[in-house]
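Trainee: any chance you could fold what I've pasted below:
(one chain, ligands or ions: 1)
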Amino acid sequence: MNDHGIDKDKVMRPQNALLWQPSPARIKQSLLHDFIQQVNRRFELHLTDYAGLHAWSVQDSPAFWSSLWDFAGVIGEQGEPLVVEPNSAERAIWFPQARLNFAENLLAHGQAFADRDALLFQAEGQGHRALSWRQLGEQVAAVSRFLREQGIGPGDVVAGYLPNLPETVVAMLATTSLGAVWTSTSPDFGVDSVVDRFGQTRPRVLFSADGYRYNGKLHDTSQKARDIVAAIDSIEYWVQIPYIGQHRLSERERVRLWPELLARYRDARLAFTPMPFNAPLYILYSSGTTGQPKCIVHSAGGILLNHLKEHRLHSDIRPGDKVFYFTTCGWMMWNWLASALASGATLLLYEGSPFVPGAAVLWDWAVEAGMTLFGTSAKYLEALEKQHVRPADSHDLSALRTLCSTGSTLAPEQFDYVYQGIKGDLQLASIAGGTDICGCFVLGNPISPVYRGECQCIGLGLDVQVFDDQGSSLRGERGELVCCNSFPNRPLGFWNDADGRRYHDAYWATYPDVWHHGDFVELSPQGGMLFYGRSDTVLNPGGVRIGTAEIYRQVNQFEAILDSVVIGQHWQQDVRVVLFVKLAEGAELTPGLEAAIRQRIRSRCTPRHVPAKILAVNDVPRTKSGKIVELAVRNVVHGEPVKNIGALANPETLEYFKERPELAS
Ligand SMILES: CC(=O)CC(=O)O
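Mentor: Have a look, this model is predicted:
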């Protein structure tokens, strides 16, 4: 190590070094391999690898999505035609005659697996709780009957202001079993942030818990829930779930307690309302950092089919697997995780801090539960590495086949950490997409190699390309992530956007009939993708486009630095790069450390990347789902208002960036 904690002897691997190659046995056992054989038989093709399958899935996407429906055994009617206006990415309508019920498909393994675990739950510092498939079905039936008796049906919105509990999954399944629409936020959201969201979508029923536990602290949220109910007059019924034992009965009429509801309807039977493929299923919210949160509406069939694709083909999830994603129900990865039930997997739900009581808590659980897929964020992996946690040395992760990371760019050095510090024989899937599609454009797959720093592949059925500003396709150069064809999980639109203008402007206005996602990326020669940050945070010193992730990748190598945020400050008719760093305890931003940061950035990137200013801050602002908010910092630095502060997990940190004298010269 040198003075700044950088391992001088660490072997420098090339950017695209081959890090993992699935064994022939693993390829042969994969569901993706089975799917290729099925497609070859059905269409008399000779596909042998992922690239061939992907090319076919784009050329004949109706055949692809229909084959996937059959392969996954979706319960429902496909109908004909498969797609109307297939040549318009923006206007195509998938499976216009199809009917299905989302919850029915998620509960389909219940009969065969009755006494096996459907949900495993662990809360920070607490014991475990399990719900069998039979119990899950019974609880869904009871809650669904209650909702039906209150007149809830297709098109009605039901909301959860809830921790990541088994009850949250039950409430979602009960809602969707009736063809109603589910929407949720996590309980760390303040009243105003929840009202900004649910106030727009106007739920008729609210499910809330009495509180949650995080980082050793109990947070009683009963009063917040009461204020939310008082502020949103569409809420007719309020179901309270006792969780942390702070429960106080509310005096309001039309309040139900979860345990009483389960007892009262214990003899209810499961019933499912068949719905059109394009019926609304979920409303998800954009982070709201650029204005009022957008209410993005996703369809029942689109979400089901796409998640089946991402789970079975890209992540090789099969019946009996143990699938974990570290998420709250305010992030789309919760919806993604919930859908793994449709593949017969047991869901592992964790509530609380992933570092309490110790940094190995999730890995202890991985061993105990036999996790097969571990899902997390690049930020968590970075924190683990900085704490020198190496599960590879201490934990038997023989059951683990796949590790997924998302939320922000997974740097090449983090790929090294995963393979050296966690497990060598593992499909490392750096996946990217987001709330807008409640899924991914770029994923992993179990039959292709993993190259350092690259997401493995473009998702099946998706004509994802990289465009320059004029809309020309780029290879081996940086540009905008776009999708040029239609896909079934394209959102239905935004709630309360009758003429669809806001929705059109958000994704379709930059390039005609092409989805513009807002990520700054590059296609690799291997068919993978490299991510450089969000396009609206790109730094532009001297007109050169620099992705923020390029800077974070270098800065995060320093032991002395725990976190950082970089922005472009308008300066003398140009833009200068300003880097803010959060230092580790006891560390100081000495001239030596500043020089080392600059030297590393200059030698690993270009002189254009080198920050003009490096300033220390006590913390870095992030959204509630852990994303750095460069735009908010940029606004504060320029003395402009920050929109929707409620979207931030730690809004008080914005003070550290205000009127910094160092930035006046
Ligand atoms: C899949 C994702 O892209 C998740 C996210 O970063 O929000």
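Trainee: only C-alpha atoms from now on, for both contacts and neighbour counts.
Mentor: Will do.
Trainee: show me where the stretch 251-400 of the chain has strands.
Mentor: Taking DSSP state E, counting those that start in this stretch, the strands of the stretch 251-400 of the chain run over residues 255-257, 275-276, 280-285, 295-299, 322-325, 346-351, 373-377.
Trainee: mean confidence for stretch 431-450?
Mentor: Stretch 431-450 comes out with an average pLDDT of 98.
Trainee: endpoints of that stretch, how far apart?
Mentor: Using Cα to Cα, to the nearest Å, one end of stretch 431-450 lies 12 Å from the other.
Trainee: what do you get for stretch 498-513?
Mentor: End-to-end distance for stretch 498-513, by Cα to Cα: 20 Å.
Trainee: contact partners of that stretch?
Mentor: Outside stretch 498-513, the residues that touch it by Cα atoms under 8 Å, 6 or more residues apart in numbering are S88, A89, E90, G471, C484, G493, F494, D497, V514, W515, H516, H517.
Trainee: now do the same for the fifth one: its pLDDT.
Mentor: Going back to what we said before, that points to C484. pLDDT, read off for C484, is 98.
Trainee: how many other residues sit next to the residue nearest to it when sequence neighbours are not counted?
Mentor: Distances taken as Cα to Cα, 6 or more residues apart in numbering put V514 closest to C484, at 4.8 Å, once the chain neighbours are dropped. The local packing of V514 (other Cα atoms under 10 Å) involves 22 other residues.
Trainee: and V514, how far from the ligand?
Mentor: 19 Å (Cα to the nearest ligand atom, to the nearest Å).
Trainee: just the buried residues of the longest helix belonging to the chain, please?
Mentor: Scanning the chain for the helix with the most residues, using DSSP state H, yields helix 133-149. Within helix 133-149, the residues scored as buried using 16 or more other Cα atoms under 10 Å are 133-148.
Trainee: I'd guessed G568 sits against F580; true?
Mentor: No. Between G568 and F580 no contact is recorded; they are 11.4 Å apart, counting by Cα atoms under 8 Å.
Trainee: ok so, going back, out of the strands of the stretch 251-400 of the chain, which gets nearest to the ligand?
Mentor: For the ligand, the closest of the strands of the stretch 251-400 of the chain is strand 373-377, at 8.1 Å, according to Cα to the nearest ligand atom.
Trainee: could you list the buried residues of the closest one?
Mentor: By 16+ other Cα under 10 Å, the buried positions in strand 373-377 come out as L373, F374, G375, T376, S377.
Trainee: with pLDDT and distance to T435 as extra columns, can I get the residues you listed in CSV?
Mentor: Output for the buried residues of strand 373-377, formatted as CSV (pLDDT from 0 to 100; distance: Cα to Cα, whole Å):
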residue, pLDDT, distance to T435
L373, 98, 21
F374, 98, 20
G375, 98, 16
T376, 98, 16
S377, 96, 15
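Trainee: partner strands of the worst-scoring helix or strand of the chain on mean pLDDT, parallel or antiparallel?
Mentor: Ranked by mean pLDDT, DSSP states H and E, the weakest helix or strand in the chain is strand 255-257, scoring a mean of 91. Sheet pairing of strand 255-257 (DSSP bridges) gives strand 237-241 (parallel).
Trainee: hmm, who's touching the strand it pairs with?
Mentor: The contact list for strand 237-241 (Cα under 8 Å, 6+ apart) reads 167, 204-210, 229, 254-259.
Trainee: and R318, how far is that from G424?
Mentor: 22 Å.
Trainee: who's in contact with A141?
Mentor: Applying Cα under 8 Å, 6+ apart, the residues contacting A141 are A174, Y265, A268, R269, L270, A271.
Trainee: is it true that the fifth one touches Q139?
Mentor: Put plainly, it is L270. No. Using Cα under 8 Å, L270 is not in contact with Q139; the gap is 9.2 Å.
Trainee: D393 against Y419, yeah?
Mentor: No. Under the criterion of Cα under 8 Å, D393 makes no contact with Y419, lying 11.9 Å away.
Trainee: quick one: D574 from the ligand, how far?
Mentor: Relative to the ligand, and taking Cα to the nearest ligand atom, D574 is found at 30 Å.
Trainee: and that residue, what's its pLDDT?
Mentor: Value listed for D574 in the pLDDT field: 93.
Trainee: same question for the one 3 residues further on.
Mentor: The model reports V577 with a pLDDT of 97.
Trainee: go ahead and confirm it touches V538.
Mentor: No. At 10.5 Å, V577 does not count as touching V538 under the criterion of Cα under 8 Å.
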